[in-house]
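Undergrad: With the input below, show me the fold.
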Amino acid sequence: MNDIYSRLNPWQKTQVARHPGRPHFGDYAAALFTEFTPLAGDRKFSEDAAIQAGFARFLGKPVAVIGQEKGHDTKSRIKHNFGSARPEGYRKAIRIMEMADRFGLPVITLVDTAGAYPGVGAEERGQAEAIARSTEACLNLKVPMISVVIGEGGSCGAIAIATGNRVYMLEHSIYSVISPEGAASILWRDAARARDAATQMKITAQDLIQFGIIDGIINEPIGGAHRDPDAVIARTGETIAGALGELSALDPDALRKDRREKFLKIGRTLS
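TA: The predicted model follows:
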């Protein structure tokens, strides 16, 4: 079994990342944080349940927590829109980040979405603008921001809450500009070639750490995170704690500079 999971191809990792039994935001929130107080609404239009956000204590210290929740069964998946947020979700995230900045609280985000919701209503209410402003809010934070891709990191729907000082991925999670099915439909007009697209897109944690897009990989139990949720959640907590300890020495200006330089250098090569 160990040998099999050490040789998963990108498409197989995509299936593991999407496994319905994989721990979701709610599982991490319950295990890693105490006194978690979720806040609702964007104060502009309505509440969006795909993004859960609020304040809590992590190892006894106050933090802001933001993440995408996919749900575990039919009822909860419909409630959370399968983790695909509308503009209201990203505007809620902005509200939480601004409050965290005001009170000097680190921001921890847990990313798990196939992408932002592409519906007509979402577009009419400014989906692209909300995503852009959420990304901007991440970059402007004067407090530490730690992001972890715990399942799918789908396109701008993920980056909107993942522009952190440190970005980590679980071993079998994926992070991409578009889903393999979407890329296959564009490149070959055949969604059935998603396996080929996944391979060409370099979407695995192992690929992305080589490109400098992420800062570390969190090991999963043999078989995937759903095989031993408690173990992978504990490892995630240890990684977050280590990153916060490292970043605590930086002042606000240094934190912003660190974050901006991290993302500006992505894709650049040394001459």
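Undergrad: give me every residue that touches the most centrally placed residue in the chain.
TA: In the chain, the residue lying closest to the centroid (CA atoms, centre = their mean) is V111, at 1.8 Å. Contacts for V111 (CB atoms under 8 Å, 6 or more residues apart in numbering) come out as G67, Q68, S147, V148, V149, I150, G151, E152, G153, A158, I161, A162. Glycine gets a C-beta too; all of them are placed from N, C-alpha and C.
Undergrad: what about 7 Å?
TA: V111 makes contacts with Q68, S147, V148, V149, I150, G153, A158, I161, A162, as judged by CB atoms under 7 Å, 6 or more residues apart in numbering.
Undergrad: What's the separation between it and L141?
TA: Counting by CB to CB, to the nearest Å, the separation of V111 from L141 is 16 Å.
Undergrad: Just the terminal-to-terminal distance for stretch 162-177.
TA: Stretch 162-177 has its terminal residues 13 Å apart, counting by CA to CA, to the nearest Å.
Undergrad: Most neighbours out of the contacts of V111, which is it?
TA: The most crowded member of these, judged by other CB atoms under 10 Å, is Q68 (33 neighbours).
Undergrad: Quick check on that one: phi, psi?
TA: Main-chain dihedrals, Q68, degrees, to the nearest 10: phi -100, psi 130.
Undergrad: need the helices for this protein, in chain order.
TA: For the chain, the helices defined by DSSP state H cover 2-5, 10-17, 25-32, 74-79, 87-103, 120-124, 127-140, 155-159, 180-187, 194-201, 205-210, 229-247, 252-264.
Undergrad: Could you dump those helices into CSV with mean pLDDT added?
TA: Formatted as CSV, these follow (pLDDT from 0 to 100):
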stretch, mean pLDDT
helix 2-5, 66
helix 10-17, 95
helix 25-32, 98
helix 74-79, 97
helix 87-103, 98
helix 120-124, 96
helix 127-140, 97
helix 155-159, 95
helix 180-187, 94
helix 194-201, 95
helix 205-210, 95
helix 229-247, 98
helix 252-264, 95
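Undergrad: closest to P62 out of those?
TA: Of all the helices of the chain, it is helix 87-103 that lies closest to P62, at 7.8 Å by CB to CB.
Undergrad: and that closest one, what other elements does it pack with?
TA: In this structure, helix 87-103 packs against strand 51-58, strand 61-68, helix 127-140, with contacts taken as 3 or more CB pairs under 7 Å, 6 or more residues apart in numbering; DSSP states H and E.
Undergrad: among the ones you listed, which is the most enclosed?
TA: Per residue and on average, the most neighbours among those fall to strand 61-68, with a mean of 24 (mean count of other CB atoms under 10 Å).
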